[in-house]
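In: sequence? don't have it. structure:
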């Protein structure tokens, strides 16, 4: 009898796992040809904040013939910037796959309740302005201990750090980030998040070298905007 | 709870970095208009933008939601930086660039290959409502950006950050297109002749009308 229950439980678990997998795959399914779908599904497994990706015609006044539209979930604006970086990696990888045309991408990042936090994207350039020399995970692991590595393109790094002085870091974040990450070389893309001592984001920045593209957020409460105002 | 190694080590790096002398985020020299428009454009001649390790700068034609109340903006022009994670990719090259900042303080920047150092740049809110569109030599550059506002203050000028270098440009020089503004989404323009300036330390800004030079 126990063996029968165990067998039934195993079947139920297997069915549940299958259904979950199907639902997940369906939720992340794309609208393109099978080869494109398979490519995007494989890449999406590495990109936790992206929910779906669909090819479609450009919006009115957008350049090109085909865009990648991506839906993402984030809890806050720093999370939305991470989602935008992931979307950039996905668009660059698809553009370089040769499977289809990608003239640009647009990602809509919503919170878990469906409220849109940010919408961003860009056109996809034919090629990077500066060819990227790719390092190895081992070498980058020494440079950035504890960094997470992705292989959406060839190699991407996700780097977390903390600062003991959030206000000073935000006030001069380019120098602060330079002290953390150095130059842009060694990977296709980089995401860096710098938190304060309580774990609250101070600066986040994502770069995708292939797209000649970078997105940055600095906590507005700490200043750090590059916009200028007349001196009073 | 065990703290990840990365946080400990990189925090130490940060602490060391913060002991270095502080530098200003950016310094700026610009002409602007406090009136509201939905387009601006200018021919831009580049006198100099040096390549300096750890430094960067831009020469720009910009629309900003409100120079006294909002950082949200969209701007186009030239960019150059090397080994400093500023808002734009640090290629070390002289690049054309578009940067847009949302009302949520998200800065996004694309760089494009540059041409000659003599180009016309513009920023216009499209009458279709698709957003702010950058123009380079009268051709659309990149996609429009919907930022949630459809008129703003125009600015032209330069910005520098990091290790000292030169940012030097001339707007409407040699008989080329003057700095202009539009109230009808770029269908027609008028020359700017009013002088309103932002001059941070080290900058020299000549008043409109064009031609005028702005440099640090």
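Out: Ah, there it is. Given the structure is predicted, the values throughout are model-derived calculations rather than measurements.
In: Burial check on the residue in chain A that chain B sits nearest to, number of neighbours?
Out: Here the residue of chain A nearest chain B is residue A:146; by C-beta to the nearest C-beta that distance is 2.5 Å. All C-beta spots, glycine's among them, are computed from the backbone N, C-alpha and C. Neighbour count of residue A:146, defined by other C-beta atoms under 10 Å in any protein chain shown: 17.
In: just the helices in the chain please.
Out: Just so you know, I chose chain A. A:2-27, A:34-44, A:77-97, A:137-143, A:166-171, A:173-181 (DSSP state H).
In: Not quite, go with chain B.
Out: Along chain B, counting by DSSP H, helices occupy B:5-18.
In: which regions of it sit below the pLDDT cut-off?
Out: B:1-25 (pLDDT under 70).
In: Find the least confident helix or strand in chain A, judged by mean pLDDT.
Out: helix A:2-27 (a mean of 39; mean pLDDT, DSSP states H and E).
In: quick one, what contacts residue B:89?
Out: Residue B:89 makes contact with A:129-130, A:184, A:207, A:209, A:212-214, B:95, B:109, B:111 under the criterion C-beta atoms under 8 Å, 6 or more residues apart in numbering or on different chains.
In: And for residue B:203?
Out: B:27-29, B:158, B:214-216.
In: one more time with 7 Å, if that's ok
Out: B:27-29, B:216 (C-beta atoms under 7 Å, 6 or more residues apart in numbering or on different chains).
In: Pull the residues that contact stretch B:137-152.
Out: Against stretch B:137-152 from outside (C-beta under 7 Å, 6+ apart): A:61-63, A:104, A:122-123, B:36-38, B:63-66, B:72, B:74, B:76, B:98, B:100, B:102-103, B:110, B:112, B:119-120, B:125-126, B:130-135.
In: Got a ChimeraX select line for the buried ones in these?
Out: Here is the ChimeraX command that selects the buried residues among those (16 or more other C-beta atoms under 10 Å in any protein chain shown):
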select /A:62,104,122,123 /B:36,37,38,63,64,65,66,72,74,76,98,100,102,110,112,119,120,125,126,130,131,132,133,134,135
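In: Could you list the low-pLDDT ranges of chain A?
Out: Short version for chain A, where the test is pLDDT under 70: A:1-31, A:224-232.
In: Run through the bridge partners of the residue nearest the centre of chain B.
Out: Nearest residue to the geometric centre of chain B (C-alpha atoms, centre = their mean): residue B:60, 4.0 Å. Assessed by DSSP bridges, residue B:60 has beta-bridge partners residue B:77, residue B:157.
In: Please apply the same query to the one 10 residues further on.
Out: Counting by DSSP bridges, residue B:70 is bridged to residue B:66.
In: I'd say residue A:132 and residue A:189 touch.
Out: No. Residue A:132 is beyond contact range of residue A:189, at 9.0 Å (criterion: C-beta atoms under 7 Å).
In: Show me whatever sits in contact with both of these two.
Out: Contacts common to residue A:132 and residue A:189, judged by C-beta under 7 Å, 6+ apart, are residue A:209.
In: Of these two, which one has the most company?
Out: Set side by side, residue A:132 and residue A:189 show more neighbours around residue A:189, with 28 against 17, by other C-beta under 10 Å.
In: For chain A, see how far away residue B:183 is.
Out: Between residue B:183 and chain A the distance, using C-beta to the nearest C-beta, to the nearest Å, works out to 20 Å.
In: mind checking how far that residue is from residue A:37?
Out: The gap separating residue B:183 from residue A:37 is 47 Å, by C-beta to C-beta, to the nearest Å.
In: Which of the two has more residues huddled nearby?
Out: Neighbours per residue, other C-beta under 10 Å: of residue B:183 and residue A:37, the larger number sits with residue A:37, 18 against 15.
In: which one is residue 97 nearest to, not counting chain neighbours?
Out: As the question left the chain open, I've gone with chain A. residue A:39 (5.7 Å; C-beta to C-beta, 6 or more residues apart in numbering or on different chains).
In: oops, I was thinking of chain B
Out: Excluding the flanking residues, the one nearest residue B:97 by C-beta to C-beta, 6+ apart is residue B:79, at 3.7 Å.
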